[in-house]
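In: From the sequence below, what's the structure:
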Amino acid sequence: MSEQAENNLKLWEQVKSVPETAKKPITGGRLNGYTDINPMWRIKTLTEQFGQCGRGWRYEITDRRMSKGAGSEIAAFVDINLYVNDPGTGWSEPIPGTGGSMFVTQEKTTLHTSDECYKMALTDAIGVACKALGVGADVYWSKDTSKYPTGPPASAQAPTQAPVTDRDAGQRSPSPNAGTMMINFGKHNGRSIAEIYVNDPGYIEWLADAGKNANVKASCQAYLNLVTGSSQTKEEPEYNDRDDAPNMFSDDDTQLPFDI
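Out: All right, here's what the predicted structure looks like:
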């Protein structure tokens, strides 16, 4: 590695590792098996590297908005610019970040409204901007424990089968190789359930819960049971502090069941 590269990666190397005390395994619900990073660790890391908020680093909110999600759900989004102050070069150029959280969420038979959606979306946006500096990079690196699944088990792989549309009138029984079913609609048109799950597990979980076609829905449910090794529906985990709860939009829009 060249001296220039080493200098460029100096900050990255200092902030890439997340201490175990700042990690929380998620053991239930749609994010089962992922790792959540305590947002206060990111703020502490920025302060350690650059100084107090407002002096060594700061952010500005450039936009906030509501967007309709699946069904009756509504999502809140916040856009920010993050700035860091280097003693040698002064204030940086803006580092953009977009974060999201749910304003209205469908919870079984009722709708839940969050009065902290913008606050949580702001926290998420800061985390997204921090990724560009390398903060917590080891968690997002594919070889390490990650919030994003690395893929289904090898046993789930099998030859492909005919595409199925969400509005298909046929009600065939789900294949035992449910992950091979081809989805021929929506943003993942032409991809199998297993392939979609690698990059967008929330979409498969959404189809398993609310798919319009019984065959698609049953196949998604069967595949999720295969991947998780359980046929039981898991409830969302409980948290002592709402700020500590994982955000389904954290750091990456692949968790969304709809396009933004």
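In: Could you measure from Val15 over to Ala129?
Out: Distance of Val15 to Ala129, given as C-beta to C-beta, to the nearest Å: 13 Å. (Glycine included, C-beta is placed from N, CA and C.)
In: Between the two, point out the one with more neighbours.
Out: Set Val15 next to Ala129 and count neighbours by other C-beta atoms under 10 Å: Ala129 wins out with 25 against 20.
In: show me what contacts that one?
Out: Ala129 makes contacts with 59, 80-82, 95-97, as judged by C-beta atoms under 8 Å, 6 or more residues apart in numbering.
In: Which of the residues in the helix or strand containing Ala218 are classified as buried?
Out: Here Ala218 sits within helix 214-228, counting by DSSP states H and E. The neighbour-count criterion (16 or more other C-beta atoms under 10 Å) identifies 215-224, 226-227 as the buried residues of helix 214-228.
In: tell me the least confident of those?
Out: The lowest pLDDT within those belongs to Val227, with 78.
In: Pull the residues that contact stretch 93-100.
Out: 60, 62, 75-84, 120-130, 132-133, 247, 249, 253, 256, 260.
In: all strands for the protein, in order.
Out: For the chain, the strands defined by DSSP state E cover 23-25, 35-37, 57-68, 74-86, 90-91, 95-107, 110-113, 163-164, 182-183, 191-192.
In: right, so of the ones you listed, which gets closest to Asn7?
Out: strand 74-86 (12.5 Å; C-beta to C-beta).
In: how many degrees apart are that closest one and strand 95-107 in direction?
Out: Relative orientation of strand 74-86 and strand 95-107, computed by axes from the mean of the first three to the mean of the last three C-alpha atoms, to 10 degrees: 150 degrees.
In: Mind putting the strands of the chain into JSON lines with mean neighbour count?
Out: Formatted as JSON lines, the strands of the chain follow (neighbours: other C-beta atoms under 10 Å):
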{"stretch": "strand 23-25", "mean neighbour count": "15"}
{"stretch": "strand 35-37", "mean neighbour count": "20"}
{"stretch": "strand 57-68", "mean neighbour count": "14"}
{"stretch": "strand 74-86", "mean neighbour count": "20"}
{"stretch": "strand 90-91", "mean neighbour count": "10"}
{"stretch": "strand 95-107", "mean neighbour count": "19"}
{"stretch": "strand 110-113", "mean neighbour count": "10"}
{"stretch": "strand 163-164", "mean neighbour count": "18"}
{"stretch": "strand 182-183", "mean neighbour count": "22"}
{"stretch": "strand 191-192", "mean neighbour count": "21"}
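In: so can I have CSV of the ones you listed showing distance to Ala208?
Out: As requested, the strands of the chain are arranged in CSV below (distance: least, C-beta to C-beta, whole Å):
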stretch, distance to Ala208
strand 23-25, 22
strand 35-37, 22
strand 57-68, 22
strand 74-86, 20
strand 90-91, 47
strand 95-107, 14
strand 110-113, 20
strand 163-164, 14
strand 182-183, 12
strand 191-192, 15
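In: returning to that earlier point: for Val198, state which of the buried residues of helix 214-228 is nearest.
Out: Val227 (10.4 Å).
In: ok, Tyr123 touching Pro39?
Out: For the record, residue 123 is Thr, not Tyr. Yes - Thr123 lies in contact with Pro39 (C-beta atoms under 8 Å); the separation is 4.7 Å.
In: Was I right to think Asn38 contacts Glu20?
Out: No - judged on C-beta under 8 Å, Asn38 makes no contact with Glu20 at a distance of 10.9 Å.
In: how close does the residue nearest to Ser92 when sequence neighbours are not counted get to Val139?
Out: Once flanking residues are discounted, Ser92 sits nearest to Val84: 4.9 Å by C-beta to C-beta, 6 or more residues apart in numbering. Applying C-beta to C-beta, the value for Val84 to Val139 is 20 Å.
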